[in-house]
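Chemist: The amino acid sequence is not available; the structure is as follows:
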């Protein structure tokens with residue numbers, strides 16, 4: 001007993017001795033100041049509350065200690081056994097951070113290991129704000145203080161300027177400071193006034209860390225709300241029109257809607273696949289639009305936080321979005337140089353917001369856009385150091401303002417008088433854009449692709465045009481013989497001095513005189529006459545220079561996609577096809593095409609005029625083959641000499657020249673429709689497009705007056721038509737010498753029981769019209785083969801021209817079609833698709849049939865419940881006419897029940913016992929006066945469903 005007591009005393013004494021000694025204190029790493037920044041720097045980008053790869057969230061101490069999908073990642077006191085330490089050191093798989101990412105240094109690894117070995121102690125007290133560990137780099141010069149955003153108050157008196165860590169409030173008129181709002185975290189990327197000017201919102205944040213939104217009251221500039229929710233920098237902020245909702249977007253791909261009164265999150269929406277750079281509220285406050293790096297604009301329901309529509313025509317990242325003050329249109333722009341404008345529907349739902357315009361606006365990316373207060377004008381700023389002013393309705397450029405100092409990073413309109421521009425070098429400028437300062441819209445009249453129709457008197461018939469032989473030398477304008485037109489100029493493209501050379505420059509020229517506006521058509525007859533010549537013809541002036549025909553102004557750029565294009569292909573795929581309207585022109589490496597039909601799906605091509613056959617060239621350009629990736633431009637045609645404002649895209653001059661006839665009617669031979677731009681002498685130069693020559697390269701150039709006219713032909717004559725069905729036919733026009741107008745087609749002399757689509761119209765510029773001949777179910781086969789005579793009428797050069805177009809001919813009948821297709825209206829109202837009433841529990845009063853008639857062999861018998869039982873070989877393929885007596889009173893509704901019966905083959909109304917498989921092709925109701933049976937009135941219904 002004494003021994004134990006003595007031992008206890010000794011231990012206590014020894015412990016006291018140890019406590020009394022001075023030992024060096026081991027400093028444990030602090031989580032908040034030393035460990036958390038390391039996790040933020042190397043780990044949190046992939047292991048956060050949103051991403052949490054492997055189920056591991058390293059944003060906070062509590063989340064880290066919960067571990068991931070595989071369990072705990074830290075064993076306090078044993079760093080060598082902690083999985084998180086081992087994967088960072090590369091001693092366990094997978095190595096973290098992943099290859100290609102910055103890894104912790106040896107000192108940082110040692111620090112983290114020491115913290116774990118010391119017990120992995122959590123933060124003391126309140127968790128501090130996360131921070132980034134970044135190296136300190138000494139500046140070599142004066143630091144720039146860029147302006148990231150600007151905003152002007154609704155009354156146009158105050159200007160808010162957002163820079164790093166602060167927002168400065170200035171007077172618009174004199175630039176004097178009104179207030180300085182400091183203390184914001186990191187770069188302030190967004191600033192905006194509320195619609196009534198009572199609030200100012202700012203969005204800021206530190207890259208890779210967090211974003212914050214601050215709401216100020218403008219009467220004293222006090223802070224109403226300061227909230228954080230974004231995981232990265234905030235790029236744009238707005239206040240809803242009613243001041244109840246705050247909206248913010250940022251690099252973390254999120255749109256967050258906040259309650260303005262308490263700062264609580266209403267909706268946090270992760271609907272984009274890239275950073276969200278800008279947003280705009282609709283004036284109604286019901287919708288907010290966001291523009292993203294994922295190339296889309298998305299429309300969101302503010303109340304529900306749900307997506308309404310996605311506008312996805314953009315080809316590259318979008319930086320900015322704006323909604324017109326009247327709420328009818330939305331514009332967005334970004335990296336692909338275009339400003340696109342969409343029409344907004346009242347409910348903004350999917351597919352109801354069509355693209356209106358797409359304008360090539362800047363040569364480099366567009367960084368900001370803004371509407372004027374009245375919505376009449378739109379401003380755009382680009383990385384090309386230009387600010388441009390646009391007519392918002394026409395999307396036509398009014399003026400351009402150069403910014404030589406630096407990029408304009410942000411724009412804000414000052415009412416309707418002008419705008420303020422903030423630049424990356426920290427400078428500000430105010431521009432006046434009133435109508436008297438800004439210029440006018442470029443609205444010159446465009447050209448059409450055909451010549452004016454002229455009817456020349458006493459035109460020499462083609463077989464009476466005199467022929468003239470060429471006289472060598474005629475390679476130059478000075479050597480060419482002058483001839484009178486019309487003429488057949490005949491010769492051989494052959495150079496005796498180069499007899500042993502296949503390739504040589506050999507041209508044949510002849511001159512002619514023409515007055516301004518005088519038209520001539522030049523046609524080459526060579527390949528069609530077994531010549532080896534592949535001709536090309538050009539019109540030259542007296543100096544030997546090509547005569548320009550039309551000036552093409554590019555308005556959008558494009559390129560050929562998916563595959564190369566042959567010269568005979570009617571269609572192909574090109575970029576931004578959905579921005580190209582029908583009848584717009586596309587310029588592709590010298591060829592001018594006209595857009596006929598957009599792509600109908602991902603695996604279809606855009607088609608070009610005409611609607612059938614190989615595509616045509618316009619302005620006498622020749623269709624040619626094009627490689628994949630060939631640059632193309634949507635163009636507008638203007639008269640030669642028109643002063644075109646610079647829009648950053650090229651302009652092209654198309655001369656009077658042709659390789660192969662653009663309408664495909666002459667094969668490899670050339671054709672050219674010439675209108676003299678002025679009085680003078682002109683020259684036609686003929687060459688081989690390959691620069692070949694030889695004794696077998698004979699030719700004849702026919703110069704004649706245009707004789708605009710047309711003919712029509714029928715495809716689908718002598719049709720065989722199903723009873724109660726129809727058969728389609730096509731009428732094709734052959735347009736001659738530039739006639740482009742509409743053609744009216746009338747079809748007469750149809751037999752009883754047959755109807756036909758008439759009149760038909762071949763639209764201006766089109767080649768075909770389609771119609772249908774229909775046979776009644778009880779039609780009698782007509783005799784003869786002279787039915788359906790076609791007459792075509794058109795106004796040509798001011799005179800009505802009537803042409804015969806053949807006839808439908810013999811009309812034959814065949815059995816009714818076994819399958820009949822029906823179109824049904826699309827309705828949002830939910831209707832029962834299959835609902836059968838029990839015949840004993842009808843709510844309607846059954847009518848008693850008084851008389852009936854069938855078209856075939858079916859027999860109808862009245863049953864006890866007043867229904868009619870159809871008996872016969874094919875009762876489901878019949879037409880029935882039934883008369884009923886109506887009782888006195890108001891008729892509100894009629895109901896037709898199709899019932900089964902045990903006597904039927906399947907017991908069901910049709911051939912399928914499951915659902916009846918019964919189809920009513922057509923049903924009509926008439927009111928008949930018993931005193932005058934011929935007097936019947938068709939009933940009209942306000943609605944129907946089956």
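Modeler: Arrived safely. Since we're looking at a predicted model, the values are computed, not measured.

Chemist: which residues does residue 290 form a beta bridge with?
Modeler: With DSSP bridges applied, residue 290 shows beta-bridge pairing to residue 279, residue 298.

Chemist: pretty sure it contacts residue 249?
Modeler: Yes - contact status for residue 290 versus residue 249: in contact at 5.6 Å, counting by C-beta atoms under 8 Å. C-betas here are computed from N, CA, C, even on glycine.

Chemist: So what sits opposite residue 787 in the bridge?
Modeler: residue 809.

Chemist: Now for the closest residue to residue 231 other than its chain neighbours: which residues touch it?
Modeler: The shortest distance from residue 231 to any non-neighbouring residue, by C-beta to C-beta, 6 or more residues apart in numbering, is to residue 252 (4.2 Å). By C-beta atoms under 8 Å, 6 or more residues apart in numbering, the contact set of residue 252 is 50, 211, 230-232, 275.

Chemist: Show me the residue sitting in the middle of the chain in space.
Modeler: residue 313 (3.7 Å; C-alpha atoms, centre = their mean).

Chemist: Which secondary structure state is assigned to that residue?
Modeler: In three-state terms, and counting by DSSP: H, G, I helix; E, B strand; the rest coil, residue 313 is coil.

Chemist: contacting residues for it?
Modeler: Contacts of residue 313 by C-beta under 8 Å, 6+ apart are 340, 355, 358, 576, 578-579.

Chemist: Counting neighbours, which of the residues you listed comes out on top?
Modeler: Across the contacts of residue 313, neighbour numbers were computed from other C-beta atoms under 10 Å; residue 340 holds the maximum, 25 neighbours.

Chemist: Same drill for residue 290 and residue 249, tell me which one is more crowded.
Modeler: Neighbour totals were compared for residue 290 and residue 249, and residue 249 leads with 30 against 27 (other C-beta under 10 Å).

Chemist: For the more buried one, what is the enclosing helix or strand?
Modeler: strand 245-250 (DSSP states H and E).

Chemist: Starting from residue 577, give me the distance back to residue 601.
Modeler: 12 Å (C-beta to C-beta, to the nearest Å).

Chemist: These two - which one has more neighbours?
Modeler: Taking neighbours as other C-beta under 10 Å, residue 601 and residue 577 compare with residue 577 leading, 18 against 5.

Chemist: now that one, nearest residue through space, not along the chain?
Modeler: Leaving aside its sequence neighbours, residue 577 is closest to residue 606 (4.9 Å, by C-beta to C-beta, 6+ apart).

Chemist: Mind listing the shared neighbours of residue 290 and residue 249?
Modeler: Common neighbours of residue 290 and residue 249 (C-beta under 8 Å, 6+ apart) are 255, 276, 278-279.

Chemist: where do the strands sit along the stretch 651-800 of the chain?
Modeler: Taking DSSP state E, counting those that start in this stretch, the strands of the stretch 651-800 of the chain run over residues 651-655, 657-658, 671-675, 680-688, 698-704, 709-715, 720-722, 726-736, 743-748, 754-756, 760-762, 768-775, 787-796, 799-809.

Chemist: actually the stretch 451-600 of the chain, not the one I wrote
Modeler: 467-469, 481-482, 487-492, 508-514, 519-525, 535-540, 548-561, 571-574, 585-588, 591-597.

Chemist: out of these, which comes closest to residue 639?
Modeler: Closest of the strands of the stretch 451-600 of the chain to residue 639 is strand 548-561, at 6.8 Å (criterion: C-beta to C-beta).

Chemist: Buried ones in the longest strand that the chain contains, by neighbour count?
Modeler: In the chain, taking DSSP state E as the definition, the longest strand is strand 177-193. Burial within strand 177-193, assessed by neighbour count using 16 or more other C-beta atoms under 10 Å, is assigned to 179, 181, 184-193.

Chemist: tally of neighbours for residue 800?
Modeler: 8.

Chemist: can you check the one 3 residues further on too?
Modeler: Neighbourhood size, residue 803 [other C-beta under 10 Å]: 17.

Chemist: if I look at the nearest residue to it once chain neighbours are set aside, how far off is residue 455?
Modeler: Among residues not flanking residue 803 along the chain, residue 792 sits closest, at 4.6 Å (C-beta to C-beta, 6+ apart). Separation of residue 792 from residue 455 (C-beta to C-beta): 18 Å.

Chemist: out of those two, which sits in the busier spot?
Modeler: Shown here are residue 792 and residue 455; by other C-beta under 10 Å, residue 792 has more neighbours (21 against 14).

Chemist: show me what contacts residue 145?
Modeler: Applying C-beta under 8 Å, 6+ apart, the residues near residue 145 are 163-164, 426.

Chemist: if we can go back for a sec, which residues are in contact with the residue nearest to residue 577?
Modeler: Here residue 606 is in contact with 571-574, 577, 580, 595, 597-599 (criterion: C-beta under 8 Å, 6+ apart).

Chemist: can you check residue 351 too?
Modeler: Counted by C-beta under 8 Å, 6+ apart, residue 351 has contacts residue 309.

Chemist: what ranges do the helices span in the stretch 351-500 of the chain?
Modeler: 435-438 (DSSP state H, counting those that start in this stretch).

Chemist: Show me where it dips below the pLDDT cut-off.
Modeler: For the stretch 351-500 of the chain, the stretches with pLDDT under 70 are 404, 434-441, 499-500.

Chemist: just the stretch 101-250 of the chain next, same as before
Modeler: In the stretch 101-250 of the chain (pLDDT under 70), the answer is 125-135.

Chemist: try 90 this time
Modeler: By pLDDT under 90, the weakly predicted segments of the stretch 101-250 of the chain are 101-145, 173-175, 206-210, 229, 231.

Chemist: And the shared contacts of residue 290 and residue 249, which is closest to residue 891?
Modeler: Checking these one by one against residue 891 (C-beta to C-beta), the nearest turns out to be residue 255, at 55.1 Å.

Chemist: Need phi/psi at the closest one.
Modeler: Residue 255 adopts backbone torsions of phi -110, psi 120, taken as degrees, to the nearest 10.

Chemist: And for it, nearest residue in space, chain neighbours not counted?
Modeler: residue 269 (4.5 Å).

Chemist: from memory the one you found sits against residue 248, does it?
Modeler: No - using C-beta under 8 Å, residue 269 is not in contact with residue 248; the gap is 11.0 Å.

Chemist: Pick out whichever of those two has more residues nearby.
Modeler: residue 248 (27 against 21).

Chemist: Next up, the contacts around the more buried one.
Modeler: Here residue 248 is in contact with 190, 203, 211, 213, 229-230, 234, 236-237, 255-256, 258, 279 (criterion: C-beta under 8 Å, 6+ apart).

Chemist: from the residues you listed, which ones fall inside strands?
Modeler: Those of the contacts of residue 248 lying in strands (DSSP E): 190, 203, 211, 213, 229-230, 234, 236-237, 255-256, 258, 279.

Chemist: and the residues you listed as TSV, adding distance to residue 114?
Modeler: Putting the ones in strands among the contacts of residue 248 into TSV (distance: C-beta to C-beta, whole Å) gives the following:
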residue	distance to residue 114
190	42
203	39
211	33
213	38
229	34
230	33
234	36
236	43
237	42
255	42
256	39
258	41
279	46
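
Chemist: between the residues you listed, which is closest to residue 705?
Modeler: Using C-beta to C-beta, the ones in strands among the contacts of residue 248 come closest to residue 705 at residue 279, 63.3 Å.

Chemist: Is that closest one in contact with residue 240, as I believe?
Modeler: No - Residue 279 is beyond contact range of residue 240, at 10.9 Å (criterion: C-beta under 8 Å).

Chemist: neighbour count winner among the two?
Modeler: Taking other C-beta under 10 Å, residue 279 and residue 240 do not tie; residue 279 has more neighbours (26 against 20).

Chemist: and that one, what does it touch?
Modeler: 236-238, 247-249, 255, 288-291, 321.

Chemist: returning to what we had before: quick one: the residue nearest to residue 255 and residue 214, what's the gap?
Modeler: 21 Å.
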